[in-house]
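Visitor: Please work out how this folds:
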Amino acid sequence: MKKIIVTGGLGFIGSNLIDLLIKKNYFVINVDKVTYSSNFYNIKENKNSNKYKFIKCNIGEKKFRKILFKYKPVAVFNLAAETHVDRSIDSPKNFIKSNIVDVFNLLEFFKEYSKKNKSKLIHISTDEVYGDILTGRTSESYAYNPSSPYAASKAASDHLVSSYVRTYKIPAIITNCSNNYGPKQHPEKLIPKLIYNILNNKPLPIYGKGTNSREWIFVKDHCEALLKILIKGKIGEFYNIGSNKNLNNLQVSKELINISKNKIKIGKKVKIIFVKDRPGHDVRYALNSNKIKKKLGWYPKTNFRQGINLTFDWYNKNKNYYKTLSKNDFVKRLGSE
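Guide: Numbers count the residues shown, from 1 in each chain. Sure, this is the predicted structure:
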């Protein structure tokens, strides 16, 4: 059975990717340093599987090198990262360490490992590296122009990976994905936070006027794209992964209210309120994902209406998920400096 390492596998995208890989009959080693956004609830279906192993480890530690040489994975999906823009505004130092320095160390370990073992590194990044896209959509050749400390740290890690491909010939691929949503997402992010507030009869806080637009992709579609890239992707290439569907925050909020009315009795306090905007808040992100469609034959399967229904249903059925978190994780306002 082929082995794959998923770093950050207790997080949102990582745990959903593990679900898919195990279904596809890979043995998955989940390497996670266990931070506030790591959650063992996310892998409860797989924790006793004979195709799964968890190892607590930071990708920047020498222990990660030992894991590589011991398990000899055919691939490493690097999802280990600090990801929340608001937290990067409050504490940028953590993002520099996790998203740049630790990735550098991972690259050094993987460079040594891949000289003796056939493997691929899939480095997962974000559309935020491109910055504000007021019109049109960004292809992979578009220049990086990050706005937040988070986006800048991810841009730096992408450049590092790309430089190691060119300089040291490591077998790596970089992906840039649009805004994910779906089951198991930490409620510091917009959609699970709004769902939590709807389920608990609280107002729905929206930055500014709610006009900031994002391209929303269902997490399981993203994971299918990552698997397609592993199998068919070309070493050294960048691949955008998006749904081609943009909605602003106000539209997302109204859609959630509408679908929830058909599923639960909504409390009187559930209403949209506008709060002070995030510093440097990008107006719009939008990807051109034609490359992965034409070259690899991947297409998103889940439209927003389908995906948001599946997402709401998961949180409604898994209310214990919220009990595993600190209240500060989804009540306290971040990024207001």
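Visitor: And N179, how close does it get to V85?
Guide: 11 Å (Cβ to Cβ, to the nearest Å). Every residue, glycine included, has its C-beta placed from N, CA and C.
Visitor: what's the answer for K72, then?
Guide: Where V85 is concerned, K72 sits at a distance of 36 Å (Cβ to Cβ).
Visitor: of the two, who's got more company?
Guide: Ranked by neighbour count (other Cβ atoms under 10 Å), K72 and V85 place V85 first, with 23 against 15.
Visitor: My guess is that one contacts S153. True?
Guide: No. Applying Cβ atoms under 8 Å, one finds V85 not in contact with S153, separated by 10.8 Å.
Visitor: what sits against the nearest residue to G267 once chain neighbours are set aside?
Guide: Sequence neighbours aside, N201 is the residue nearest to G267 in space, at 2.9 Å (criterion: Cβ to Cβ, 6 or more residues apart in numbering). Taking Cβ atoms under 8 Å, 6 or more residues apart in numbering, we find N201 in contact with I266, G267, K268, K269, V270.
Visitor: Likewise for A286?
Guide: D127, I133, G136, R137, T138, S178, S213, E215, G242, N246.
Visitor: now swap in N39 and tell me
Guide: Here N39 is in contact with L10, G11, S15, K184, H186, Y321, T324, L325 (Cβ under 8 Å, 6+ apart).
Visitor: Burial check on the nearest residue to Y130 once chain neighbours are set aside, number of neighbours?
Guide: Leaving aside its sequence neighbours, Y130 sits nearest to T138 (Cβ to Cβ, 6+ apart; 4.6 Å). T138: 22 surrounding residues under other Cβ under 10 Å.
Visitor: Then K24?
Guide: 14.
Visitor: what do you get for N318?
Guide: Neighbours of N318 (other Cβ under 10 Å): 15.
Visitor: quick one: it and F304, what's the gap?
Guide: Taking Cβ to Cβ as the measure, N318 falls 21 Å from F304.
Visitor: what does V101 give?
Guide: For V101, the distance to F304 - Cβ to Cβ - is 36 Å.
Visitor: Between these two, which is the more surrounded one?
Guide: Comparing V101 with F304 by other Cβ under 10 Å, the one with more neighbours is F304, at 19 against 15.
Visitor: check contacts around the more buried one.
Guide: Contacts of F304 (Cβ under 8 Å, 6+ apart): W216, F218, S243, K245, L247, E255.
Visitor: hang on, the second one packs against W314?
Guide: Just to be clear, that refers to F218. No. Contact criterion Cβ under 8 Å: F218 and W314 do not qualify, at 11.5 Å.
Visitor: tell me, what's touching those two both at once?
Guide: What both F218 and W314 touch, as defined by Cβ under 8 Å, 6+ apart, is the set G182.
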